[in-house]
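*Asks:* Okay, predicted coordinates and the sequence, questions at the end:
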Amino acid sequence: MQRIGLSSLALVAALISAACSESASAPVSQLPPVGRFNLQAAAGQSLPSSVFNGVVLGDNDGFFRLELTATGGYFELSPDGHYEHRVFHDIRVDGQRAGNNNYVDRGQCSWVGQQASCISSYNQNVSFVASISANHFDLVQDLVGEGFPISYRYSLD
């Protein structure tokens, strides 16, 4: 019969303990972020931020000046990689307030390190890359679907 020394038992116990401890999980920097990130800036400016100001052709009324100003929003990430991106806008037509609009996108993100590749399941043919650093989440997305991508910066509060 073989004898196992106390030092061998202590080593085995330490290895089992280390394998089962929380410290054996992946470092936080390698895990995808989860939670609600609140919009801090759009188009490189703090909120409220003009994200579009130009002349457009209307259906029946000819040309008019359209102004979109981002006033708030969030980017929410679930543990399974699902996201919801929502931005609130004030709308002006020919300088007159014309209401508010709430642009929304939903889809799935896949993470590699600090970068995510995201594909919309809501807006057709929309995909984007996002990055996270410290408590900031940055992305550039054509949320409206009209061909002008906007940079967005979010913070985890």
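*Replies:* Sure, I can see it.
*Asks:* Residue 74 - how many residues pack around it?
*Replies:* 16 (other Cβ atoms under 10 Å). Every C-beta, even on glycine, is put in place using the N, C-alpha and C of the backbone.
*Asks:* Mind listing the residues bridging to it?
*Replies:* residue 38, residue 86 (DSSP bridges).
*Asks:* Tell me how far it lies from residue 55.
*Replies:* The gap separating residue 74 from residue 55 is 31 Å, by Cβ to Cβ, to the nearest Å.
*Asks:* Same question for residue 76.
*Replies:* 34 Å.
*Asks:* residues in contact with the biggest strand by length in the chain?
*Replies:* As assigned by DSSP state E, the longest strand anywhere in the chain is strand 96-112. Under the criterion Cβ atoms under 8 Å, 6 or more residues apart in numbering, residues 32, 68, 71, 77, 81-92, 116-123, 126, 130, 141, 143-144 lie in contact with strand 96-112.
*Asks:* list the buried ones in that strand?
*Replies:* 103, 105, 107, 109, 111 (16 or more other Cβ atoms under 10 Å).
*Asks:* so who does the residue nearest to the spatial centre of the chain touch?
*Replies:* In the chain, the centroid-proximal residue (Cα atoms, centre = their mean) is residue 75; its distance is 4.5 Å. Residues in contact with residue 75 (Cβ under 8 Å, 6+ apart) are 36-37, 39, 83-86, 130, 137, 139, 152, 154.
*Asks:* Can you list the low-confidence ranges for the chain?
*Replies:* For the chain, the stretches with pLDDT under 70 are 1-32, 144-147.
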